[in-house]
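K.L.:
The following comprises the amino acid sequence and a computationally predicted model.
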Amino acid sequence: MNVLNEWAFIGLFAVMAPVFPALPIVIAWIFRPRKPNVLKSSTYECGVETIGDTWVQFRVQYYIYGLIFLVFDVEMVFLFPWAVAYNDMSLFGFVAGFLFIFLLTDALFYAWKKNALDWK
Amino acid sequence: MDELCTGLCRLMVDSGADAGLAQFMSLLVGVLLVSGVPLLTVILLIWIERKVAARIQDRIGPNRVGPIGLMQTFADLLKLLGKEDITPTSADRWLYNAAPLVSFASVVLIWAVVPFTPFHYGVDLEIGALFFVAVASFGTLAIMVAGWASNNKYALLGAFRVVSLLVSYEVPLVFALLVPVLLAGSMSLLDIVNAQTGMWFVVLSPLAFVIFYVSSQAETGRAPFDLIEAESELVAGFNIEYSGMKFGMFFAAEFLHVFTNGILMALLFFGGWLGPLYYESPLIAFGWLGLKGGLIYLTTLWLRNTVPRLRIDQIMAFNWKFLVPLSIANLILISAALKALQEIGWAPRDFVGAGIGDLIPTTIIMLLINGAMAIYLLGFLRKRGQEARRESLTARAALAQAAAE
Amino acid sequence: MELNAITIGFVVFSIFTLGGGFGVVTTRNLFQGTIWLMVSLFGVAGYFVLLSAPFLAAVQILVYIGAIAILITFAVMLTRSVTRIKSRYVRLVPSFIGSLALFLVLLLGITVPIFGGQLPEAAPETVATTRDLGAALVDENGYVVPFMLASVLLTAAMIGSIFIARDENA
């Protein structure tokens, strides 16, 4: 199988994959009872109506975790090809990879010391 | 399903079908065969999960419908079909309906690259290991979409917490995943298994396996990281507004994801189908993979039903202040040791052709390094545990004193 | 153009990319805009596959859908009016002319060799694998300096963002 044929398989798989969960949902849609009323289809609450919009301002901590994750995500992207080619490399390959990881670990420790990793 | 595909393809072209159509049809058959495996397993998995949970909790579990309750899942499925499906009026209809589909599809899609035996697999992608990490990110996005589209504060808050948990634990997961990739020198899952002919990677790097195991437990939202089911603080979390079959799909996706991770761990660390007589028949090879994956899956169930849930701040601190530095240190140490051994000629440059004899010095040194790290870590954890206990004792004594006064 | 899998793929992914882009600029809901953006970037990942660069496709999915989408959502939730953007940008004609001009400049830059741009050469027979990429990243004569600079850049980005986003009282 050539590369594109492999990806045609993946593409077809990706098209089919949502169909499998959709089937029972569609079947249920045919058979299920439909007796909606205002109270039933209102937003679920725990006794008391919530005040204001759902889509409100959230805390900044989520955003900081997201940022740190993004940086590590991009780092992993570089590390995957490095790991794949690692067996053929000389000692220099290890040093380069080590420096790359080490620099980012620095950033992690900066975040740690600045309490950016604490759930506030 | 490589062999089958070309065979079927040839057959159809020979009988006069259009070449493009024949190719498409054979691909479709391949897709249906490969995806059939996870879809059939998930029905069985729900029963296993309930039965194991029941036994651990000293109950009997489902035992009425069919022999030893095997038909229970079908009964539940029929019941779910007849359930009213409520979409809240304030929900974002399109995204609300799309989220369960994407969530389930993202797990099924992982199976496209899972090799079942040396000759039976969907595709053997060059980037297999990266593929399943990338596909899993659709699942994360689906949870975010579900929480947002429900237009409910519990759901949104639950989704935010779960998503930040998922992305956080992806970091140690990938750093642990880099170890088998580094040892095998390939991201293809088939190559990774073949590279373990000499020695399983779990022996060469047990710590990487433990990190992978813990973070995949978190990735699937299982205890002690089961923020997904935060009944006590967020009623249920991101799926609170879902009902009927759509709710069921989120759950089916979770069950399947746990088992998928078991199979992936078997492939990445336990040599997949490698075992006595695996080359004799594809069935034996498949049996070995199923056995290893199943055993790992059972341990995750065991863990899930034994440990209590952690708080979100504890989960985050555990990840960023312990697991991430540990996984980075592990990767650096493993790569340093490997390069050093390769430079002095004790370790092979290519694990695929290496027999068990070539790997003995590597194995011993790797085990020593991992052992030293484990001893240091246990000491560290012990110290932290003692500190935490002392702190809580002091706090309790202060409270008691305040009460007495 | 002959009708084969690559053409079909190209059309499908173009619909994804352009449709997603259209969704981003027309929706008035920030979260839906994020999802449309991801549809568009998913289409770009498809292009990478068609160009025989599956590693870049996986990276595209991993970074954009796995991280940027989540980050944008978190950022969207930091703003106040998520679903109701009050003022609507209605100057359609000037923005159409502007984007058309930009498109023409880009097209010229690619096709006419003035600014160092050149017509694409025929694709080489051998497809570079991830292994080649990894070897080039740490090769002294290859890309080891950019590789290190990327690390420095990422570190700077992380430190900078934490410095800015950090709470005042922390």
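P.N.:
Yep, that arrived.
K.L.:
Distance check, the most centrally placed residue in chain B against chain A.
P.N.:
Nearest residue to the geometric centre of chain B (C-alpha atoms, centre = their mean): residue B:261, 2.5 Å. The span separating residue B:261 from chain A equals 17 Å under the rule C-beta to the nearest C-beta, to the nearest Å. The way it works is simple: take the backbone N, C-alpha and C, and place the C-beta from them, glycine included.
K.L.:
Spatially nearest residue to the residue in the stretch 201-350 of chain B that chain A sits nearest to (excluding sequence neighbours)?
P.N.:
Evaluated by C-beta to the nearest C-beta, the stretch 201-350 of chain B has residue B:313 as its residue closest to chain A, separated by 3.6 Å. Closest residue to residue B:313 in three dimensions, ignoring its sequence neighbours and counting by C-beta to C-beta, 6 or more residues apart in numbering or on different chains: residue A:119, at 3.6 Å.
K.L.:
residues touching that neighbour, list them.
P.N.:
Residue A:119 sits next to A:61, B:312-313, B:316-317 when contact means C-beta atoms under 8 Å, 6 or more residues apart in numbering or on different chains.
K.L.:
Regarding it, what is its secondary structure?
P.N.:
With DSSP: H, G, I helix; E, B strand; the rest coil as the basis, residue A:119 sits in coil.
K.L.:
ditto for residue B:197
P.N.:
Per three-state DSSP, residue B:197 ends up coil.
K.L.:
can you tell me which residues contact it?
P.N.:
Residues in contact with residue B:197 (C-beta under 8 Å, 6+ apart) are B:271, B:274, B:352, B:354-355.
K.L.:
Under the pLDDT cut-off, which ranges of chain C? List them.
P.N.:
C:1-4, C:79-90, C:113-128, C:166-170 (pLDDT under 70).
K.L.:
Quick check, the residue in it closest to chain A?
P.N.:
Nearest to chain A in chain C, going by C-beta to the nearest C-beta, is residue C:134, at a distance of 3.1 Å.
K.L.:
looking at it, that residue is touching residue A:85, isn't it?
P.N.:
Yes - the pair residue C:134 and residue A:85 qualifies as a contact (C-beta atoms under 8 Å) at a distance of 3.1 Å.
K.L.:
Can you show me the helices along chain C?
P.N.:
Using DSSP state H, the helices of chain C run over C:5-26, C:30-50, C:54-60, C:69-76, C:92-111, C:130-137, C:144-165.
K.L.:
Can you tell me which residues in the stretch 1-150 of chain B are near chain C?
P.N.:
B:20, B:92, B:95, B:125-127, B:130-131, B:133-138, B:140-141, B:144-145, B:148 (C-beta under 8 Å from any C-beta of the partner chain).
K.L.:
rerun at 10 Å
P.N.:
Within reach of chain C by C-beta under 10 Å from any C-beta of the partner chain, the stretch 1-150 of chain B has these residues: B:20, B:23-24, B:27, B:92, B:94-95, B:98, B:125-141, B:143-145, B:147-149.
K.L.:
re the thing from before, apart from its chain neighbours, what residue comes closest to the residue nearest to the centre of chain B?
P.N.:
Among residues not flanking residue B:261 along the chain, residue B:216 sits closest, at 4.3 Å (C-beta to C-beta, 6+ apart).
K.L.:
Neighbours of that neighbour, how many?
P.N.:
A count of neighbours around residue B:216, defined by other C-beta atoms under 10 Å in any protein chain shown, yields 26.
K.L.:
any idea how far residue B:297 is from it?
P.N.:
As judged by C-beta to C-beta, to the nearest Å, residue B:216 and residue B:297 stand 11 Å apart.
K.L.:
tell me, what's touching these two both at once?
P.N.:
B:258, B:260-262, B:265 (C-beta atoms under 10 Å, 6 or more residues apart in numbering or on different chains).
K.L.:
Can you tell me which of the residues you listed has the most neighbours?
P.N.:
Taking other C-beta under 10 Å as the neighbour criterion, residue B:261 ranks highest of these with 27 neighbours.
K.L.:
how about that residue, what does it touch?
P.N.:
Residue B:261 sits next to B:107, B:110, B:132, B:136, B:173, B:212-213, B:215-217, B:219-220, B:222, B:293, B:296-297, B:300 when contact means C-beta under 10 Å, 6+ apart.
K.L.:
from what I can see residue A:90 touches residue B:343, true?
P.N.:
Yes - in terms of C-beta atoms under 10 Å, residue A:90 counts as a neighbour of residue B:343; the distance is 8.0 Å.
K.L.:
which one of the shared contacts of residue B:216 and residue B:297 sits closest to residue C:159?
P.N.:
Relative to residue C:159, the closest of the shared contacts of residue B:216 and residue B:297 is residue B:261; by C-beta to C-beta it sits at 33.8 Å.
K.L.:
List the contacts of residue B:265.
P.N.:
By C-beta under 10 Å, 6+ apart, residue B:265 lies in contact with B:202, B:209, B:212-213, B:216, B:292-293, B:296-297, B:299-300.
K.L.:
which parts of the least confident helix or strand in chain A by mean pLDDT are buried?
P.N.:
Least confident helix or strand of chain A, by mean pLDDT, DSSP states H and E, is helix A:3-16 with a mean of 78. By 16 or more other C-beta atoms under 10 Å in any protein chain shown, the buried positions in helix A:3-16 come out as A:4, A:6-14, A:16.
K.L.:
Show me the subset of those residues that also lies near chain B.
P.N.:
Applying C-beta under 10 Å from any C-beta to these, one finds that A:6-14, A:16 fall near chain B.
K.L.:
could you dump those to a markdown table with distance to chain C?
P.N.:
Formatted as a markdown table, these follow (distance: C-beta to the nearest C-beta, whole Å):
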| residue | distance to chain C |
| --- | --- |
| A:6 | 8 |
| A:7 | 5 |
| A:8 | 6 |
| A:9 | 11 |
| A:10 | 8 |
| A:11 | 7 |
| A:12 | 10 |
| A:13 | 13 |
| A:14 | 10 |
| A:16 | 15 |
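K.L.:
Can you tell me, leaving aside adjacent residues, what's nearest to residue B:305?
P.N.:
For residue B:305, ignoring the flanking residues on the chain, the nearest one in space by C-beta to C-beta, 6+ apart is residue B:56 at 4.2 Å.
K.L.:
Who are the contact partners of that neighbour?
P.N.:
Contacts of residue B:56 by C-beta under 10 Å, 6+ apart are B:301-302, B:304-306.
K.L.:
Surely residue B:64 touches residue B:75?
P.N.:
Yes - using C-beta under 10 Å as the test, residue B:64 is close enough to residue B:75 to be in contact (8.7 Å).
K.L.:
Neighbour count: those two, which is higher?
P.N.:
Neighbours were counted for residue B:64 and for residue B:75 using other C-beta under 10 Å; residue B:75 has more, 14 against 10.
K.L.:
Read off the pLDDT value for that one.
P.N.:
At residue B:75, the pLDDT value in this model is 85.
K.L.:
any chance you could map the helices in chain A?
P.N.:
Counting by DSSP H, the helices of chain A are A:3-16, A:19-31, A:61-84, A:91-113.
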